[in-house]
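[1] Whatever this is, show me its structure:
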Amino acid sequence: MQAVFWITVGAMCLATGFSMPRKPQRCQAPPLYTGRLTMGTQNEQLWDVAKYYYDALNQRLYVEEVGTFNNASFTYNALRLYQEGLMYEIYHHNKTCLKKALQSDFQPMEVPKGAVFVKQVVLGTSSSPGQGLLVNSWLGDMPDRQDNMVSLTEFGCLPVSAFFKYKNMGWVSLSYYDNVLGVEDPNVFIPPPFCLDAKMEATEDGKVTDFFSLFH
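    Next up is the predicted model:
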């Protein structure tokens, strides 16, 4: 009788597509996508809203940002060409451009190496199909980022949020949304004509590492 019972249960599981829960696997975001994000910091009063274009194939990132830093508003467009070691600060309103050395490695959007799985949650509800988003959270340090927790979708591996410590800025919170596969406008990765004659700017330490270094 018990044998018949377990055979029946097994048949029902196969028929309904049931499978035992498995531990989420490490993943990397699609190589080309466009998205938006909001950012806030614990210290230094930095708040930011941005649209970004992500190209992991050629290690390029273009960001259009609007925000406030220490109660002063700013508009900031940046083109980061990691393979060339260059970053352009682009100001379309007066057609000026600053060119700086970018001496940091391209960090793909992915589960950090050595990160440990924390939890899988549903944003929204799992009560009805299409009303929830399955998200995996991972904890693992990255260069210059401690206690880095990143959350990505189970299906597609697209970023949802990140929370980490960054130097004197304390805790930094990032929320991602409106992700679209593919790059909407590939021309953003080409410096505008008024940047062609830009000279390499000298910085305090001779380099720019990432967005946050601009506010040190």
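[2] Low-confidence stretches in the protein?
    Within the chain, the ranges that satisfy pLDDT under 70 run 1-22, 143-144, 202-216.
[3] And the helices in it, which stretches?
    Remark: helices assigned in the chain by DSSP state H are 2-16.
[4] Could I get the full set of strands for it?
    Secondary structure of the chain (DSSP state E): strands at 32-41, 46-55, 60-69, 72-81, 86-91, 96-101, 116-124, 132-139, 146-153, 159-165, 171-181.
[5] which residues does the closest residue in space to residue 200 that isn't next to it in sequence bridge with?
    Here the nearest residue to residue 200 in space, its sequence neighbours aside, is residue 99; by Cβ to Cβ, 6 or more residues apart in numbering that works out to 5.4 Å. Placement of C-beta: from N, CA and C, glycine included. Counting by DSSP bridges, residue 99 is bridged to residue 88, residue 200.
[6] ok, now which ones touch residue 99?
    Residues in contact with residue 99 (Cβ atoms under 8 Å, 6 or more residues apart in numbering) are 86-88, 195, 198-201.
[7] Of these - the most surrounded one?
    In terms of neighbour count, residue 87 stands highest of those at 27 neighbours, by other Cβ atoms under 10 Å.
[8] That one against residue 97, yeah?
    No: checked against Cβ atoms under 8 Å, the pair residue 87 and residue 97 is beyond contact range at 10.7 Å.
[9] Residue 96 versus residue 85, what's the distance?
    Residue 85 is 21 Å from residue 96, where distance means Cβ to Cβ, to the nearest Å.
[10] Residue 146 - how many residues pack around it?
    By other Cβ under 10 Å, 10 other residues sit near residue 146.
[11] Next: residue 23.
    Counted with other Cβ under 10 Å, residues neighbouring residue 23 total 7.
[12] Apart from its neighbours in sequence, what residue is nearest it?
    residue 117 (6.2 Å).
[13] For the one you found, which residues are in contact?
    23-24, 136-138.
[14] just residue 199 next, same as before
    Residue 199 touches residue 99, counting by Cβ under 8 Å, 6+ apart.
[15] and if you look at residue 126?
    residue 132.
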